[in-house]
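# one predicted model, sequence on top.
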Amino acid sequence: MGEFTMPSLGADMDEGTLVEWLVEPGAPIRRGDPVAVVETAKSTIEVECFESGTMGRPLVEPGTTVPVGTPLALIETAAGTRGKAGRARKLRKEPQGPPAPERTRPAEPAEPVRTREPVASEAPGHGHVEAGPLIRHLAEEGGVDLAALRGSGPGGRVTRADIERAAAAAPTARAPTARAPRARVTPLARRRAAELGVDLSSVAGTGKDAAIRAEDVSRAASGLAGAPSPPPRTTAAVRASRPSEDQAPAMRRAIARLMSRANRDVPHYYLSTTVDMAVPMDWLHDRNRRSPMSERLLPAALLLKAAALAAHEVPELNGFWTDDRFTAGEGVHLGVAVSLRGGGLIAPVLRGADTLEVPALMSALKDLVSRARTGRLRGSEVSGATLTVTNLGDQGVETVFGVVHPPQVALVGFGRVVDRPWAVDGLLGVRPVVTVTLSADHRATDGAVGARYLTAVDRLLQNPEKL
């Protein structure tokens, strides 16, 4: 039996609010599957599970704010599972003794064990039939009538094997019935739909495997014609439907705390250089002319790749200052500062940025920025950055000196690519240039290391075909 806890999604996160469960108790989950939506001071994030098993009993209800590390739900792993009946008892916290072998159990227990959401029905000659959420789901997918089954489990309980046998026999027993696949619906989305009077069959899901989430229901409700729907009645519903309005003040406070601490505790030093962008821009224009619109690159892709490769070459700037010492990062994971429409910013992570080809990096960047601005990031995408990059060139800024995001030890800034008078081989002309800056922690490195990093960025950008 494992625990799914409130994760730490950044150095400045002390607590989070559970907004929505994405899976129901009894559902199988795999490592890396998103199981909940958590709201932090900066964003609403999908949080993944870090072990495989079965979703057990939730310990925290949506709308509850808890400290980092608080158990949110139980995860039943393969090693901790002792049969379906034992699992049902765990979900209800029922007292239990050592389980008897299934073959010696009576066919009709005095009190049938119930899961969190049992379905009971009477079938002629079959007695009392029970099935949990997963069994119901399998039955509906296979077109199996639960009421017509004799369960082979303890107390006549319907098992997965019963469903599979009935589904396999269905074509010979009766004509197959056309059945449209049922869309997955998260628990909060189902509750929200009931509150807002939304027909779930008309809602398009945007979650994993087209699952319908609470925000999909809210979006559908806002587009309904006729009488206005009643407003959401829960705090979690309001936050999920209007994240930018509700989170902006909290985000500003979180940023203020972190930046105040960074300016107070981190002894910064700052460097800058101007890079001739004529060669990389010519290469970029030539490549884009020969590429379809969807595959064209922006200068930001070249700048980010150069920043990542330079961090690989100068690892002293790629890592963390913790416990009064520097620890190098395992890989180059770039945190990319993204401004949010409601104000504030977040820095989702491009993992292994130095290993990505430029087109793949461009695609990953567009995806991260889009999901960051719509509150669709996952927990693994907002933590673990080894170096942060901020690019304000699209805002018209030519030079940006950022504040190091502890426990990182450096931040790279890129400005706008502008045309400037520039001498090449003694001849003056007009060339596109960009200002590259470095803010770094003096405890971890000195100016000589920072200068080596900026020199590497310049050299790498002069060979765009090798990025």
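Structure's in. What do you need?

# OK, contacts around the most centrally placed residue in the chain?
Nearest to the mean C-alpha position of the chain, by C-alpha atoms, centre = their mean, lies residue 378 at 0.7 Å. Residue 378 sits next to 34, 45, 46, 47, 48 when contact means C-beta atoms under 8 Å, 6 or more residues apart in numbering. Just so you know, the C-beta spots here come from the backbone N, C-alpha and C atoms, and that holds for glycine as well.

# can you tell me how far it sits from residue 453?
30 Å (C-beta to C-beta, to the nearest Å).

# excluding chain neighbours, what is closest to residue 287?
Ranked by C-beta to C-beta, 6 or more residues apart in numbering and with sequence neighbours excluded, the top spatial neighbour of residue 287 is residue 297, at 6.6 Å.

# next: residue 344.
Here the residue nearest residue 344, using C-beta to C-beta, 6+ apart, is residue 251, at 3.8 Å.

# so what does the helix or strand hosting that neighbour touch, helix or strand wise?
Take DSSP states H and E as the rule and residue 251 turns out to sit in helix 243-265. Here helix 243-265 touches helix 235-241, going by 3 or more C-beta pairs under 8 Å, 6 or more residues apart in numbering; DSSP states H and E.

# the nearest residue to residue 329 once chain neighbours are set aside: how many residues sit nearby?
Using C-beta to C-beta, 6+ apart and skipping the chain neighbours, the partner closest in space to residue 329 is residue 386 (3.1 Å). Using other C-beta atoms under 10 Å, residue 386 is surrounded by 26 other residues.

# burial count for the residue nearest to residue 344?
Counted with other C-beta under 10 Å, residue 251 comes out at 22.

# of the contacts of residue 378, which is the nearest to residue 392?
Ranked by distance to residue 392 (C-beta to C-beta), the contacts of residue 378 are led by residue 45 at 24.2 Å.

# is the closest one in a helix, a strand, or coil?
strand (DSSP: H, G, I helix; E, B strand; the rest coil).

# now the closest residue to it other than its chain neighbours. Its backbone dihedrals?
In space, and not counting its chain neighbours, residue 45 is closest to residue 377: 5.0 Å by C-beta to C-beta, 6+ apart. Main-chain dihedrals, residue 377, degrees, to the nearest 10: phi -80, psi 160.

# so residue 377 touches residue 47, yeah?
No: look at residue 377 against residue 47 with C-beta atoms under 8 Å: they stay out of range, at 9.9 Å.

# which of the contacts of residue 378 are buried?
The neighbour-count criterion (16 or more other C-beta atoms under 10 Å) marks 34, 45, 46, 47, 48 among those as buried.

# could I get these as a markdown table with pLDDT and distance to residue 5?
Converted to a markdown table, these look like this (pLDDT from 0 to 100; distance: C-beta to C-beta, whole Å):
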| residue | pLDDT | distance to residue 5 |
| --- | --- | --- |
| 34 | 88 | 15 |
| 45 | 86 | 15 |
| 46 | 85 | 16 |
| 47 | 89 | 10 |
| 48 | 88 | 12 |
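
# got the residues you listed as TSV, with distance to residue 438 columns?
Formatted as TSV, these follow (distance: C-beta to C-beta, whole Å):
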residue	distance to residue 438
34	35
45	29
46	33
47	33
48	33
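
# nearest to residue 214, of those residues?
residue 46 (12.1 Å).

# list just the nearest of the contacts of residue 378 to residue 355.
Nearest member of the contacts of residue 378 to residue 355, counting by C-beta to C-beta, is residue 48, at 21.6 Å.

# partners of that closest one in the sheet?
residue 34 (DSSP bridges).

# check contacts around it.
31, 32, 33, 34, 35, 378, 379, 380.

# poorly predicted segments of the stretch 151-300 of the chain, please.
153-155, 157, 160, 170-183, 187, 208-209, 222-248 (pLDDT under 70).

# between the longest strand along the chain and helix 243-265, how many degrees?
Under DSSP state E, the strand in the chain containing the largest number of residues is strand 427-441. Going by axes from the mean of the first three to the mean of the last three C-alpha atoms, to 10 degrees, strand 427-441 is angled at 80 degrees with respect to helix 243-265.

# quick one: strands adjacent to strand 427-441?
Counting by DSSP bridges, strand 427-441 is paired with strand 268-276 (antiparallel), strand 410-414 (antiparallel), strand 418-424 (antiparallel).

# I'd like the mean pLDDT over it, please.
Per-residue pLDDT over strand 427-441 has a mean of 97.

# what's the helix or strand that it is followed by packed up against?
Next in sequence after strand 427-441, counting helices and strands by DSSP H and E, comes helix 447-461. On a contact count with 3+ C-beta pairs under 8 Å, 6+ apart, helix 447-461 meets strand 268-276, helix 299-313, strand 410-414, strand 427-441.

# list the buried residues for helix 447-461?
Buried-residue list, helix 447-461, by 16+ other C-beta under 10 Å: 449, 450, 453, 454, 456, 457, 458, 460, 461.

# contacts only, for the residue lying closest to residue 400 once chain neighbours are set aside.
Nearest residue to residue 400, sequence neighbours excluded (C-beta to C-beta, 6+ apart): residue 413, at 3.9 Å. Neighbouring residues of residue 413 by C-beta under 8 Å, 6+ apart: 389, 390, 391, 392, 399, 400, 401, 402, 436, 437, 438, 439.

# re earlier: most tightly surrounded among the helices and strands packed on helix 447-461?
Mean neighbour count (mean count of other C-beta atoms under 10 Å) peaks for strand 410-414 among those, with a mean of 26.
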